[in-house]
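*Asks:* sequence first, then the predicted structure:
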Amino acid sequence: MTAAPDHRPTFASISLTERLDGAMPVLLIPLLVLLGFFAIGVPSSWLTLTVSGLAMGMMIFIMASGLTLVFGLMDVINFGHGAFVSVGAFVGVSVLITLGEWTGTASLLLNMSAVFLAVAAAMAATGVMGWGFERIIVKPVYGAHLKQILVTVGGLIVIEQLIHVVWGPDEIFINRPETLKGAITFAGAAMEKYRLMAVGIGLVLFIAMRMVLRRTKIGLIVRAGVENGPMVEALGYRLRLVFVGVFIAGSALAGLGGVMWGLYQEVITAGMGEKMMVLVFIVAIIGGLGSVEGAFIGALLVGLLQNYVAFLEPKLALVSNIALMTAILMWRPQGMMPVVKAK
Amino acid sequence: MIVKLLSGDKPRSAVLTALLMVILICLAGAPFLFDGVRPLDTAARICIFILLVASYDLLLGYGGIVSFAHTMFFGLGAYGVALASTHLGRGFDALLAGTVSGALAAVVLALLIGLFSLRVRAIFFAMITLAVASAVAVLVSQFSGITGGEDGLTYKIPRVLTSANRMGEFLGTRISGKTLNYYLVFTASLILFLLLLRIVNSPFGRVLQAIRENDFRAEAIGYRVVWYRTAATCLSAATAAFAGSLFAIWLRYVGPDTTLSFEIMLDILLMVVIGGMGTMYGAVVGATLFILAQTYLQNLMGTASEATSALPLIPDLLNPDRWLMWLGILFILSVYFFPTGIVGRLRERRAS
């Protein structure tokens, strides 16, 4: 009889690199900001660019969060998501234009209530539209990726054209409300008020979304559904209803993102959603499909990088995002924080 | 002989055979059958789009891969010819050099995208191609020093292929370099189309179809799914680039709107779905019907819009600019109710 092999359990602590590996996606943001600081060299422009990068990132995150959750939950990829961005922008801007007297005066209360009403109208419109879109366009093609892509692209075209029918073929210019115009100067850097507000809204939304997903029962069901749908259904939850709810919420968020983006650009076109989809997809891919946190980090990275590169070499701005996506996919082929495992 | 040319893939429906024959005859005799510049231009466009759509069908219908970068490959071929003709001067060597380099660029780019995204999840591919294609479109319009930006490039092709080259009359039709140019486009499209037909009916094509039906199983049997998908992407990219080169030779102009825009990508998608995914003949029928409708139906919509101008909203909906909306609706309906397209329907009728 041979002696049992010498077995000595070790209790070596996790090495630093292994610890860092989990936190790496989060660390990428300060790393990029630092890199930007050295590449740009002028602290005041760096600060301005960082704020606008963060603002842009937050808006992209608002649009991307719905898309990534919908994919995680039901394995549905919605190429028509961009249509909600456009519709949200058009509805919101129409409300703002009708409330021209409120936005024209320099009263914070009136301005804010006008913006609030615009956002509410846009989110309601896109929410209802999302519900209809889910029923008519997406529902018949569950489980078939190929058809989903084709049909949702069809939906995107039709909605975009309907915008042309309703609002006319031309772009609409919009002025921001009085109190949101102008910039605050801090340490020699001019930071637009609107961008600061966008960063604030984005942060609040992200924290709220995280709280809902982490602390509430419905959040638990959503996360469990992303992780393992059939099991959640076996436990007696009607995941389809949850999914419809998430789809509506995601569409409403896209509408909110559309209003914010429209006010940021101060011009809206029917094709804006389609253009934003490119960034939204990049964000969803590098974040890891199905992951809200991943989308948040991805959106900030994309926003910051785009602004830094646009300052250093304007022509390469969009290409920089493709490069970022390539680099991240080489590092983590499933995206930074993959949630959907088996699919 | 004919069966061999078609690689044994017969139309399998009397109506379809008749339809294909009519299309072939009309395209082959276009300069003699129809009068004027516009029908010839439409015929050349149909030839080129049949090739382009067929190459897309190799990817979508046979491989089950959705790509949004097909116009990018198309544009690479077109810009290859345009840049070569601008810098190397007018001549056949420039056309050849441009075509080859455009196709090479397309293959390299397709290989890179394929290796990156097809490795992980097929759905990534759709999103990544969309992102890359839009980046390329932006680059082309920004580096206007090289590409002519939004205005595009106009260049000269060999004089033999232009209408300045008069060659006398035949069957009562004046033969010029333009006719020659048309037959160049027609013959090249036909040969490449038959080549594509050969590819999809080869063992390689069968494996692709197996992967489309069940990639997990195909992998389990022992086929390298990633390899096959990437190879299909490269082949389809190269063919699309050739189609782009032909388009550039025919038009003597390239610009972002005619070669790279998302609208053309949507047109291609519509042609594939309407004609029938997964059959090369679908590309022929789809492209022909679509381009005929695009050329002649839009006028009809304009008249209808004017005729109903007294009514509310309807004139706006019938406006020729809203042509895309009706296509979108048609597209959604055909994906739901006719997933096999016209060709699939015709074959079903025969089977039942």
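*Replies:* Okay, I see it.
*Asks:* mind checking the SS state of B:Gly168?
*Replies:* Each residue gets one of three states, and B:Gly168 gets strand by DSSP: H, G, I helix; E, B strand; the rest coil.
*Asks:* OK, contacts around the residue sitting nearest the centre point of chain B?
*Replies:* In chain B, the centroid-proximal residue (CA atoms, centre = their mean) is B:Leu52; its distance is 2.1 Å. Applying CB atoms under 8 Å, 6 or more residues apart in numbering or on different chains to B:Leu52 gives the contacts B:70, B:74, B:239-240, B:243-244, B:268, B:287. C-beta here means a position set from N, CA and C on the backbone, and glycine is covered the same way.
*Asks:* which stretches of the stretch 151-300 of chain A form strands?
*Replies:* A:172-173, A:183-186, A:189-192, A:267-268 (DSSP state E, counting those that start in this stretch).
*Asks:* swap that for the stretch 151-300 of chain B, please
*Replies:* B:153-154, B:166-170, B:173-176, B:253-254.
*Asks:* so which of these gets nearest chain A?
*Replies:* Among those, strand B:153-154 comes nearest to chain A, with 18.7 Å by CB to the nearest CB.
*Asks:* direction included, what does that closest one pair up with?
*Replies:* Strand B:153-154 has its sheet partners listed here by DSSP bridges as strand B:253-254 (antiparallel).
*Asks:* chain B is nearest to which of the strands of the stretch 151-300 of chain A?
*Replies:* Closest to chain B of these is strand A:172-173 (CB to the nearest CB; 16.9 Å).
*Asks:* what's in contact with that closest one?
*Replies:* A:90, A:93, A:97, A:266-268.
*Asks:* quick one: buried ones out of those?
*Replies:* A:90, A:93, A:268 (16 or more other CB atoms under 10 Å in any protein chain shown).
*Asks:* the residues you listed into CSV, with extra columns for pLDDT and distance to B:Ile329?
*Replies:* Shown next, in CSV, are the buried ones among the contacts of strand A:172-173 (pLDDT from 0 to 100; distance: CB to CB, whole Å):
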residue, pLDDT, distance to B:Ile329
A:Phe90, 93, 20
A:Val93, 90, 26
A:Ile268, 89, 24
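*Asks:* ok, and of those residues, which contact chain B?
*Replies:* Among the buried ones among the contacts of strand A:172-173, no residue sits close to chain B (CB under 8 Å from any CB of the partner chain).
*Asks:* closest to B:Val3 among these?
*Replies:* Among the buried ones among the contacts of strand A:172-173, A:Phe90 lies closest to B:Val3 (CB to CB), at 55.8 Å.
*Asks:* residue contacts, the closest one?
*Replies:* A:163, A:166-167, A:172, A:258, A:268, A:270.
*Asks:* make it 7 Å
*Replies:* Each residue near A:Phe90 by CB atoms under 7 Å, 6 or more residues apart in numbering or on different chains is listed here: A:163, A:167, A:268.
*Asks:* need the residues you listed in JSON lines (columns: distance to B:Gly102).
*Replies:* Output for those, formatted as JSON lines (distance: CB to CB, whole Å):
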{"residue": "A:Ile163", "distance to B:Gly102": "36"}
{"residue": "A:Trp167", "distance to B:Gly102": "40"}
{"residue": "A:Ile268", "distance to B:Gly102": "37"}
